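Asks: give me coordinates for this.
(chains A and B)
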Amino acid sequence: DGGITQSPKYLFRKEGQNVTLSCEQNLNHDAMYWYRQDPGQGLRLIYYSQIVNDFQKGDIAEGYSVSREKKESFPLTVTSAQKNPTAFYLCASRALDRRNQPQHFGDGTRLSIL
Amino acid sequence: SQQGEEDPQALSIQEGENATMNCSYKTSINNLQWYRQNSGRGLVHLILIRSNEREKHSGRLRVTLDTSKKSSSLLITASRAADTASYFCATDGGGTSYGKLTFGQGTILTVHP
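Replies: Okay, the predicted model is just below:
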C-alpha cells in the first residue's frame, strides 16, 4: 500500500539530547512537510522540501533541522536548542505535478521529555 | 502563522443530526481543504474546494466557499458516532507559497450514539 510511515510512534528525549524522527513515503511525491501540533491546537509548519537536496524553513524552524538526501525520506532532528519539544509531530507529502492536490499525512510521532 | 479561524471550537450533537463547522481566513487563497483527525492519529483529507468554486459535495459532506467573505463551511449530514473527530480547515495560498498549507485551530466534533 502507498503511504507515509513515521517512526517511532513514541519518543523520549533527555536534557541536552538531539533526537531524529523518521518519515518515509512511497507515494513518489516531490514535496514533504513537517508539522508540530500542540494539544488542542492546529498544525504549525516546521520545514518543507519540494525537491531533493533543498528545503525551506517554515513558521517555527528554530531548534529543528532536516535533510532531504532521497526523494522518499525527510528526517527531522529536534536539537537540544529546542527548549519545549514536547508535542505531536506530523509528516506529510504532496504531489507537485498537478495543481490543487491534498497533502497525505503519516500517523505521527509523539515526543516527550524525560 | 495561523490563518484559519474555526468556529465553533467544540460541537456536541446526537447521531443523525447535522453538524456545521465554519472557517474564516485572512488572505487570498488558491484552494481551501478540510481534514479530519481522529485522536492520536494523522490527518485524513476530506475535500478540497478551489477558489473559483462555491460548493462541493462528497458523500455526506458539503463544503461551501465564499471568497468575498473569506469563509468556508463544512456540513456533515446524518452524523454517525464514527464522525467523532477533530476537523481542520487549511488554506493553500498559491503563488510563492504554492503547496504550503496554513491550518486553523480545529473544531472538535463529538457525536453521541
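Asks: tell me, how many residues neighbour the nearest residue to A:Q17 once chain neighbours are set aside?
Replies: Nearest residue to A:Q17, sequence neighbours excluded (CB to CB, 6 or more residues apart in numbering or on different chains): A:S80, at 6.4 Å. C-beta coordinates here come from the backbone N, C-alpha and C atoms, glycine included. By other CB atoms under 10 Å in any protein chain shown, 14 other residues sit near A:S80.
Asks: let me see the contact set for A:S80.
Replies: A:E15, A:G16, A:Q17, A:N18 (CB atoms under 8 Å, 6 or more residues apart in numbering or on different chains).
Asks: need those in a markdown table with pLDDT, can you?
Replies: Shown next, in a markdown table, are the contacts of A:S80 (pLDDT from 0 to 100):
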| residue | pLDDT |
| --- | --- |
| A:E15 | 84 |
| A:G16 | 86 |
| A:Q17 | 92 |
| A:N18 | 95 |
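Asks: just the buried subset of those residues, please.
Replies: When neighbours are counted using 16 or more other CB atoms under 10 Å in any protein chain shown, these contain no buried positions.
Asks: quick test: name the residue nearest the centre of chain A.
Replies: Nearest residue to the geometric centre of chain A (CA atoms, centre = their mean): A:W34, 2.9 Å.
Asks: my read: that one touches A:Y47, true?
Replies: Yes - using CB atoms under 8 Å, A:W34 is in contact with A:Y47, at 5.1 Å.
Asks: who touches both of these two?
Replies: A:G58, A:Y64, A:V66, A:L76.
Asks: rebuild those residues as CSV, extending it with pLDDT and distance to B:T27.
Replies: Formatted as CSV, the shared contacts of A:W34 and A:Y47 follow (pLDDT from 0 to 100; distance: CB to CB, whole Å):
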residue, pLDDT, distance to B:T27
A:G58, 94, 16
A:Y64, 98, 25
A:V66, 98, 26
A:L76, 98, 27
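Asks: among those, who's most crowded?
Replies: Using other CB under 10 Å as the neighbour criterion, A:L76 leads those with 24 neighbours.
Asks: check which residues of stretch B:32-41 are buried.
Replies: Of all the residues in stretch B:32-41, those buried under the rule 16+ other CB under 10 Å are B:L32, B:Q33, B:W34, B:Y35, B:R36, B:Q37, B:R41.
Asks: thanks a lot, see you next time.
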